[in-house]
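Asker: Show me the folded form of this:
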Amino acid sequence: MESTKGRSSTRSRETKRDHHPTPTQKDAYARLLSQHQSTKFQSYLEQFAQPSLLIHDGEAGPQRTTACSPGDKNWKKRGPYYTECADSCDTSRLRQNEKEKCMEKSSRQEQSPAGRKLNHENLRDVMSGLDGIIDLDEGSHQGSKQKCEYLNQKGSMRRPNTDEDITLGSKCKSQQSPDNDANTRKDQSKKKTKKKNISKANAENKMDQAPLSSENDGVCEASIATPIKNQKPQGSNMWCSNEKAKKNRGGRCSKKRLFEEYMNMQDVSSGLKRGELFQGSLRINPKKFQEAFVPSPDGTADIFLDGVVARNRALNGDVIVVQILPPEQWKVLKSEADVEGLNASQSVPGPTALKLKTAEASPSPDVIVEAQDCGDEDSLVQGVHNISLQGKAPETPKKGDQNTISRTSTERALQRTGKVVYIVEQKHSRAASGFIKFLPDKNFAMFAPVDHRVPRVNVPLEDCPADFASRPGDYANTLFVCRIMHWPADSNFAEGRLVKSLGQAGEIEPETEGILMEYDVDFSEFSDDVLACLPQVLPWTIPHEEISRRRDLRNECIFTIDPATARDLDDALSCKQLPDGNFEVGVHIADVGYFVEEGNALDFIASRRATSVYLVQKVVPMLPRLLCEELCSLNPLIDRLTFSVVWKLSPEGKILSEWFGRSVIRSCVKLSYDHAQSMIDAPDKLFTAEELPPCSPEHPIDEIHQAVLNLHSIARRLRSQRFEGGALRLDQMKLAFTLDRESGMPQGCYIYQYRDSNKLVEEFMLLANMATAHQLYRTFPGLALLRRHPPPQTKMIDDLQEFCDQMGLNIDFSSAGALHSSLHETLGNDQYTSPRKEVLTNMCSRPMQMAVYFCTGVLEDETLFRHYALNVPLYTHFTSPIRRYADVIVHRLLAASIETGPRLGLTGEEVQKQATHCNDKKTSSKRVQELSSELFFSVFVKESGPLESEAMVMGMLDQSFDVLVLRYGVQKRIYCNSLEGLESYNYRKVGKRPEMTLVWAAEDPEVGSTRQELSVFTLVEVQLKADKAPMKYSAVLKRPEKAP
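Answerer: Next up, the predicted model:
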């Protein structure tokens, strides 16, 4: 009997519902058991059983509920709400209890434990759905029975009004009467019925409206806990006393586990061997953080991870193991046959049989039709036209059904989905920049990261500024760095510590420091132990005995060609004509290995940093500046130690002989790319000393000029041979800046031009790298550190090929060489050829995989060594040891191969481990460089904007489109619903070709509205404007002029 003390409005509402007749529990469960195989019932189960997305703004959404014990020490509180967790519960035993109760209630008879096990297989599907619908536990305690429910309604939760409501089991009967048992089952049936009536659309809308990745924190449903007959309580994991509850934050009930436990290593290893599990790097879509992907081992469509729960606390870049979900939970993609005549902004609701042409459609988010600005970090939704639906896999249509598609088409329209079951390596730094928010009556603050792919984090108040609690508004625009320390399995929020206060958001230096810390770039000063490894007596000179062991090239005409601002000059070139008409060409690389001895403190810190990081305004060096800018840098007119490759080449670029060795050089001049380009552009000009940097008197300017021309001539032939042999180059626009010398602020920006002088240097660096790769593999076939480039993803290439065919573009994707040729032959010859090529290059870059370092000993198949873009069997990095640690290892291997240095002190496994680390750091470095450029451009827009430019449409979604801003080379997305004066817009697809019609409201009623037709490659006028948020800017489509 219910206690009358402290009745709440919750009980009143329950009493009113009890007046309505309810079918007996036996009939209800009988219906469930008879219908659980039907599509409709599976849809109903899936609707409530699947975990809701972690929404990014913390609004609570629907959550699976479970019963909790009144005194459990794991009851926790989120603000005014009470939530459940199952950290200390035995999940398998709880599920056993649920099945047993289901059997008991369906028969309304007492059953023995043996009897309850009879139909577990039949009940499995039902219970998997009921986990998220109903969970009713019954428990006993001394005193009278007390009943309490926390209903999940409209994403919120009713808070109990009395202390008795909180202490669920304080007054319970030790034995429950049959009448009470029947009433309990009746209440359970009513709750099930009520939840069944909730529309799926409302549930999805509720989730879509809540920002930030939070997973329905603070929602639970609790009811009276009475043990099942003939079964003992589950011990402290399920039950705890009121005393313990009071000690644990006021007696909150245990929270339900939101994330699954990770598999153990043995099960993971077995699953990978059997092909039941798959390993890969996690990619989270930065524009839709609910979507994540893992590459498929067979190169087909990626495995889709739907929502934060499926990611199981893994962050972007982590190496994870995923388990494929059952086919009925796979993602449905519209096939081209089905979308013909159907607006692509519509999706098929629910798990229907894909009757696309007759189904009533409901709006969905932007449909991925073509290009998204993803770069290396973005996660495209398979291919350039895959369309994501919010449904499940359909049943196989029956033969002869004209409204359904064939089985083959259905299978093609599915994308496998999975869930994370293990994190192999946390590649993400677990650090993020963002803002802190004050939470009243809490001993912690909320950290909200700028990157929405990172969860919100609870941080202790003691980490916050001293006056934060009293003056939180003072820190609303202050940027902090937080590091995640732990992410509990029962919480939407991670736990972490504030690392540093960076300063005001929107300022270049605080933002830059935040980027560096977030991507785990070590920009600290080098320690005394590291600096002690450097020469202590300065100025340093090369010992005579060292010169005697090397080839002396100090009298040769050797020079460097680098950017004008470069300080770390790690490569030089030489070229002299021989009496027989051939040329002796040398590539001379700084001998960093002489100073960085294997195994010392300097070597260790270089191996950890792995690469220099180039920002717009500065460089974070891999090595101390004394090495980077002085002792190793091939500065002019100074003796320097080098590692050289010298060839005898014919004028046509044929290699006649080759020599590797350690050498000593003296560069005669430091040329910039501009200087070299001016020499190439004016082959007959006599340059004066004033037009060039200081030159060595031993080598006249004419000799240097002629050497540059000879190198250019040979490089052109080498380049022509490479591309005729099937090489591919995908150039993309790169933004460069001019900075104010005093303030460091951007004064201007321009598209960096890749000219013949750049190509000259590139060709000989490639030649040296390829020659070194062959030398290493010949000598150390199981230890060589090489660089391979896998071919592009087959599925994405096939989709892109189909799209280009529909666009009328004759692009051949059969090989790297064929793609290169067709990109240069099919885009016309006018002023917009370059933009069209840039747009198409961006599309072609997306299926491409990253080139990676590897140790030859870990790959048995030599065909996997190939470099797809260069179309060569072996390749490595040898030419930049000042800024790449992989090159340092290559130098050591090369020295050992020619017996001028000791054998490498690493095993094949250790080389592979270092190669993987170099891959990670190179990826991070590239992303940091991109973010630095975006940061400076946003400052430039804010200081100098609005900026106007022509733009070319790159791709379309159903409610937005991407453009390439031609003047600045940046890519931006324009959202139709944000355009002022736009009356309507209509997206459609003609085959695979996306098109959109914009209708602008009439400025003059007599003239009428203006229509604007858009498709890929359409030219438009845009304006770039700074947003109110720091470091953000938007592209606004300008209204087209009315045709006369």
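
Asker: Give the helix, strand or coil label for Glu948.
Answerer: strand (DSSP: H, G, I helix; E, B strand; the rest coil).

Asker: swap that for Leu602, please
Answerer: Here Leu602 takes the helix state, with states given by three-state DSSP.

Asker: and if you look at the one 3 residues further on?
Answerer: Classification of Ile605 by three-state DSSP places it in helix.

Asker: Show the contacting residues for it.
Answerer: When contacts are counted by C-beta atoms under 8 Å, 6 or more residues apart in numbering, Ile605 is found next to Asp522, Phe526, Ser527, Val530. From N, CA and C alone the C-beta is placed, and that goes for glycine too.

Asker: Between those, identify the one with the most neighbours.
Answerer: Neighbour count (other C-beta atoms under 10 Å) singles out Phe526 as the most crowded of the contacts of Ile605, with 20 neighbours.

Asker: That one contacts Pro621, doesn't it?
Answerer: No - Phe526 is beyond contact range of Pro621, at 9.0 Å (criterion: C-beta atoms under 8 Å).

Asker: hang on, the earlier thing: for the contacts of Ile605, which one is nearest Gln747?
Answerer: Each of the contacts of Ile605 was checked against Gln747 using C-beta to C-beta; the closest is Asp522, at 30.4 Å.

Asker: Excluding chain neighbours, what is closest to the closest one?
Answerer: Computed as C-beta to C-beta, 6 or more residues apart in numbering, the closest residue to Asp522 that is not its neighbour in sequence is Arg609, at 5.5 Å.

Asker: what are the C-alpha coordinates of the one helix or strand Ala310 maps to, in CSV please?
Answerer: Per DSSP states H and E: Ala310 is located in helix 308-311. Extracted C-alpha coordinates of helix 308-311, given in CSV (Å, rounded to 0.1, in the frame of the first residue of the first chain):
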residue,chain,number,x,y,z
VAL,A,308,28.5,9.5,-29.7
VAL,A,309,27.3,6.3,-27.9
ALA,A,310,28.5,4.2,-30.9
ARG,A,311,31.9,5.9,-30.6
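
Asker: what mean pLDDT does it have?
Answerer: Helix 308-311 shows a mean pLDDT of 94.

Asker: Low-confidence stretches in the stretch 701-850 of the chain?
Answerer: Counting by pLDDT under 70, the stretch 701-850 of the chain contains low-confidence residues at 826-828.

Asker: Quick one: low-confidence residue ranges for the stretch 151-300 of the chain.
Answerer: The stretch 151-300 of the chain contains residues with pLDDT under 70 at 151-255, 299.

Asker: thinking again about what came up before, and the helix holding Ala310, what does it pack against?
Answerer: strand 418-425 (3 or more C-beta pairs under 8 Å, 6 or more residues apart in numbering; DSSP states H and E).

Asker: and the strand it packs on, average pLDDT?
Answerer: Averaging the model's pLDDT scores along strand 418-425 yields 95.

Asker: List the neighbouring strands of it plus their orientation.
Answerer: The partner list of strand 418-425 in its sheet, established with DSSP bridges, is strand 319-324 (antiparallel).

Asker: who touches the strand it pairs with?
Answerer: Contacts of strand 319-324 (C-beta under 8 Å, 6+ apart): 263, 268, 271-272, 276-282, 294, 303, 305, 314, 416-425, 427.

Asker: of those residues, buried ones?
Answerer: Of the members of those, the ones counted as buried by neighbours, 16 or more other C-beta atoms under 10 Å, are 263, 268, 271, 277-282, 294, 303, 305, 314, 416-424, 427.

Asker: How about Lys500, nearest residue that isn't a chain neighbour?
Answerer: In space, Lys500 is closest to Val481, 4.8 Å off (C-beta to C-beta, 6+ apart).

Asker: Would you map the helices across the stretch 601-750 of the chain?
Answerer: 601-609, 625, 673-681, 701-724 (DSSP state H, counting those that start in this stretch).

Asker: Identify the single longest helix in the chain, thanks.
Answerer: Longest helix in the chain by number of residues (criterion: DSSP state H): helix 908-944.

Asker: Now do the buried residues in that helix.
Answerer: With burial defined by 16+ other C-beta under 10 Å, the residues of helix 908-944 counted as buried are 908, 911-912, 914-942.

Asker: repeat for stretch 956-970
Answerer: Counting neighbours by 16+ other C-beta under 10 Å, one finds that the buried residues in stretch 956-970 are 956-966, 968-970.

Asker: May I have the distance across that stretch, first residue to last?
Answerer: Stretch 956-970 has an end-to-end distance of 17 Å (C-alpha to C-alpha, to the nearest Å).

Asker: Rounded mean pLDDT for it, please.
Answerer: 92.

Asker: in the stretch 651-800 of the chain, which spans are strands?
Answerer: In the stretch 651-800 of the chain, the strands defined using DSSP state E, counting those that start in this stretch lie at 655-666, 670-672, 735-739, 746-751, 785-788.

Asker: For the shortest one, which outside residues touch it?
Answerer: I take that to be strand 670-672. Strand 670-672 is contacted from outside by 559-564, 569, 635-636, 692-693, 704, 708, using C-beta under 8 Å, 6+ apart.

Asker: cool, and the first one?
Answerer: Taking contacts as C-beta under 8 Å, 6+ apart, the residues outside strand 655-666 that touch it are 542, 546-547, 549-556, 558, 572, 582, 588, 591, 634, 637-650, 696, 771-772, 775, 894-895, 897-898, 900.

Asker: For the nearest residue in space to Asn710 that is not next to it in sequence, which residues are in contact?
Answerer: If the residues on either side of it in the chain are set aside, Asn710 comes closest to Cys575, at 4.8 Å by C-beta to C-beta, 6+ apart. For Cys575, the contact set (C-beta under 8 Å, 6+ apart) comprises Cys557, Phe583, Glu584, Val585, Gly586, Ala707, Asn710, Leu711, Ile714.

Asker: Just the buried ones among these, please.
Answerer: Cys557, Phe583, Glu584, Val585, Gly586, Ala707, Asn710, Leu711, Ile714.

Asker: Among these, which one lies nearest to Lys1032?
Answerer: Distances from Lys1032 to those, taken as C-beta to C-beta, are shortest for Leu711 (45.0 Å).

Asker: Which helix or which strand is home to the nearest residue to the closest one once chain neighbours are set aside?
Answerer: Among residues not flanking Leu711 along the chain, Cys575 sits closest, at 4.9 Å (C-beta to C-beta, 6+ apart). With secondary structure defined by DSSP H and E, Cys575 is part of strand 571-577.
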